[in-house]
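Participant: Sequence first, predicted coordinates after that:
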Amino acid sequence: MRRIGSLLAMVIVATLGVVTPAAGIRELPGSPYRIGSSGLVFSPDGRWLVTLDSSADGDATPLWVMSVNTKTGELHRARGAPLGVGGIPQSAAFSRDGRMLAVSTIPAGCCSHAGASGPIVVFSVNSRTGALHQVSSWSDPIALVDTVAFSPRGGLLAAEDDGSRTANAGVTLLTVNRRTGALRYASRWAGPSNMGEDQGDMTFNPSGSLLALLFERIGPYDQSVEILSVNHRTLTPLAHDHPQPGAIPGELAFSPDGSLIATTNTDLNTVSVLRLDQATGALPPVPGSPFDTGVTPESLAFSPDGGLLAVADADGPDFSVFSVISGTGSLHPIPGSPFGSRIPDAGANAVAFSPRGNLLAYGTGFEDPYAADDTAQDVQVFSAVFCDDPDHDGDCDPS
């Protein structure tokens, strides 16, 4: 499952992997915001932040849309928020142009073993107000959809399912009508028979030519990454690898140039970094991989320029920030890492950089989407500038 619990954004020097002395990381005024934080995603232009609240089974309005001041990080509720999505939200994804938002759901009271499927709901996004208007929906007739992802090429939506009504979990490709948002079945890739129901995560590479799937193989239990080629609305297996045998999968992310894949190994407290061969899909580890991180790393995100990798710890209030060394792809903790949250007894399920890279949004709160709980969820917004910024406008200034 894709759990999202924090947003990270930073301004970095232009040289990949080289970070100037940190000017500090500080929580911004108005933070934390008491909104659902089991899922966070920025719009492509950085103006909107969507948060998912799956902490309470019966919550009728679990989806929030917040406007984002792209310089100060201040959040304000968009028109109509929060709103319902007809079930418990699992993941959300913006289309490439930011005009549509897709949300996967499960029915209230359902779990991944119940054999019931919730719909994928598609909303149009008002570019001026952030208001959402439902334009279409699609229900998988054979499985429970967990993660959704729009293709960077546009026109396709990938839906990762648990195979609850079939022998195999897998991924369905849907075509998206760019004018109406209507979804139509295109094809489905059925995973191996020993593919666990809790696959972990799924994401397209930056060009949209490949789809990476992180999941758990059963018998013996083992973390696996599957690389699928995307061609003519079909998925074809290209390669697979086991970044850290025996690990429970968390999330994975492509570097902005598509050359690296990073995965969290939640039970081993490590992060693996793999170099992707674009032609063959081979995934050799970079020097030093896997790298130690905090307790139960769940979510991770590369900075927009690929120079930093942020990792959030689901069992603690910390998030770590690593410099990604140019050329090798190895990780090195930046000074002051890990950084802590001032919210006690909180854990984070995800991190994500804002498109400008100057803000860090960090979600904390209850993380089990299948159990009712009244624990408050919060989103904290930090300034995280790792360069000279004397006028405090979020931009790097000449030294």
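Facilitator: Here it is on my side, so go on.
Participant: Please count neighbours and contacts with C-alpha atoms only from this point.
Facilitator: Will do.
Participant: Please tell me how far Ala92 sits from His242.
Facilitator: Distance, Ala92 to His242, by Cα to Cα, to the nearest Å: 27 Å.
Participant: swap in Ala361?
Facilitator: 30 Å.
Participant: More neighbours: which of those two?
Facilitator: It is Ala361, of Ala361 and His242, that has more neighbours when counted by other Cα atoms under 10 Å, with 28 against 18.
Participant: And that one, which helix or strand is it part of?
Facilitator: Applying DSSP states H and E as the criterion places Ala361 in strand 359-364.
Participant: Next: His76.
Facilitator: For His76, the element it lies in under DSSP H and E is strand 75-77.
Participant: Paired strands for that strand, with orientation please.
Facilitator: strand 63-68 (antiparallel) (DSSP bridges).
Participant: Name the next helix or strand downstream of the helix or strand bottoming out on mean pLDDT in the chain, please.
Facilitator: Scoring the helices and strands of the chain by mean pLDDT, DSSP states H and E places strand 25-27 at the bottom, with a mean of 66. Counting by DSSP H and E, the next helix or strand C-terminal to strand 25-27 is strand 39-42.
Participant: Give the other helices and strands that that following strand contacts.
Facilitator: strand 48-52, strand 88-94 (3 or more Cα pairs under 8 Å, 6 or more residues apart in numbering; DSSP states H and E).
Participant: Give the rounded mean pLDDT of the longest strand belonging to the chain.
Facilitator: Identified as the longest strand of the chain according to DSSP state E is strand 222-231. The average pLDDT for strand 222-231 rounds to 88.
Participant: What sits closest to Arg275 if chain neighbours are left out?
Facilitator: Leu260 (4.6 Å; Cα to Cα, 6 or more residues apart in numbering).
Participant: go on, Ala92?
Facilitator: Using Cα to Cα, 6+ apart and skipping residues adjacent in sequence, the residue nearest Ala92 is Val103, 4.4 Å away.
Participant: what's the spacing between that neighbour and Thr175?
Facilitator: Going from Val103 to Thr175 by Cα to Cα gives 15 Å.
Participant: which of these two has more neighbours?
Facilitator: Per other Cα under 10 Å, whichever of Val103 and Thr175 has more neighbours is Val103, with 24 against 19.
Participant: which residues in the stretch 151-300 of the chain form strands?
Facilitator: Using DSSP state E, counting those that start in this stretch, the strands of the stretch 151-300 of the chain run over 156-161, 170-176, 183-190, 201-204, 210-217, 222-231, 234-241, 249-254, 260-265, 270-275, 291-292, 297-302.
Participant: Give me whichever of the ones you listed is most buried.
Facilitator: strand 297-302 (a mean of 30; mean count of other Cα atoms under 10 Å).
Participant: Which helix or strand lies directly C-terminal to that one?
Facilitator: Assignment by DSSP H and E places the next element after strand 297-302 at strand 308-313.
Participant: so what strands line up beside that following strand?
Facilitator: Partners of strand 308-313 in its sheet, by DSSP bridges: strand 297-302 (antiparallel), strand 318-324 (antiparallel).
Participant: For it, which residues meet the burial criterion?
Facilitator: By neighbour count on 16 or more other Cα atoms under 10 Å, the buried set for strand 308-313 is 308-313.
Participant: model confidence over that strand, on average?
Facilitator: For strand 308-313, the mean per-residue pLDDT is 87.
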